[in-house]
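1. output the structure for:
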Amino acid sequence: MAVMDGKTLTHRICAIDHCWEPLVNYKSGQPDQEEAEPDLGHTFRARCTYCVQTIQWACGMPIGWGKCYEIESVSQVLQLVNFWFPPEGARPSFIVYDNACKLLAHIVTQNAQDLWLTATRFMVDTWHYINHRSKDCLCREWCNPAPFNGSQPDLVILERDGTGQMHASRAFNTEVAEQFNAWMDGFES
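-> Numbers count the residues shown, from 1 in each chain. Below is the predicted model:
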């Protein structure tokens, strides 16, 4: 199980739209020398990246990260997931993401034969699922992090509490990406 989330850990980028090259001057946003137009003077204003998308195994071991430059859109997230897990490589059985239902819908509408649809189940993390479940049938049916209908028995386990009562519990920590991002707060400037 892989768990991913976006973290608004920004840094300055080139002021020219759709340019992701390193800057000559991070304060003014001046691009590299080849793109600089000398007659424009100091009209550049540095932009910032939107967020860093991180992905970890459910045990907390990081897998990778990538930048979302403009917004954390499902198309950019899918590009990052395809980068982390190329088609010829192994794919996780589950990917947990706070907007998994929209990501799943995007994959289906872009390519109904996509390998992701047969190899991996996309689930919303437990904290965000509270806001999804009542209004989204796709999310309720396909992205539930703890289905009690028996469809994913590895995700739910029975545990005995302190009083001896048995109750259902989630078998995996779907909040590991949120926890990793909280740890990264110390590196924000």
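
2. what does the helix-or-strand element of the chain with minimal mean pLDDT rub up against?
-> In the chain, the helix or strand scored least confidently by mean pLDDT, DSSP states H and E is helix 126-132, which has a mean of 71. When contacts are defined by CB atoms under 8 Å, 6 or more residues apart in numbering, helix 126-132 is touched by residues 98-99, 101, 124, 139-140, 143-146, 170, 174-175, 178. Where C-beta positions appear, they are placed from N, C-alpha and C, glycine not excepted.

3. got a quick PyMOL command for the buried subset of those residues?
-> Typed into PyMOL, the line below selects the buried ones among the contacts of helix 126-132, using 16 or more other CB atoms under 10 Å:
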select buried, resi 98+99+101+124+139+140+143+144+145+146+174+175+178
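
4. taking the contacts of helix 126-132 together, which two end up most distant?
-> Between any two of the contacts of helix 126-132, the greatest separation by CB to CB is 21.6 Å, found for R140 and E178.

5. ok, back up a step: let me know the closest of the contacts of helix 126-132 to H11.
-> Checking the contacts of helix 126-132 one by one against H11 (CB to CB), the nearest turns out to be E178, at 21.4 Å.

6. mind pulling up the pLDDT for that closest one?
-> E178 carries a pLDDT score of 79 in this model.

7. which of the three states applies to the closest residue in space to it that isn't next to it in sequence?
-> Distances taken as CB to CB, 6 or more residues apart in numbering place D5 nearest to E178, at 5.8 Å, with adjacent residues excluded. Under DSSP: H, G, I helix; E, B strand; the rest coil, the three-state class of D5 is strand.

8. now D5: how far from F187?
-> Between D5 and F187 the distance is 16 Å, computed by CB to CB, to the nearest Å.

9. of those two, give the one with the bigger neighbour count.
-> Remark: of D5 and F187, D5 carries more neighbours, 24 against 8, as counted by other CB atoms under 10 Å.

10. which residues does that one contact?
-> Contacts for D5 (CB under 8 Å, 6+ apart) come out as Q53, T54, Y97, D98, D125, A177, E178, F180, N181.
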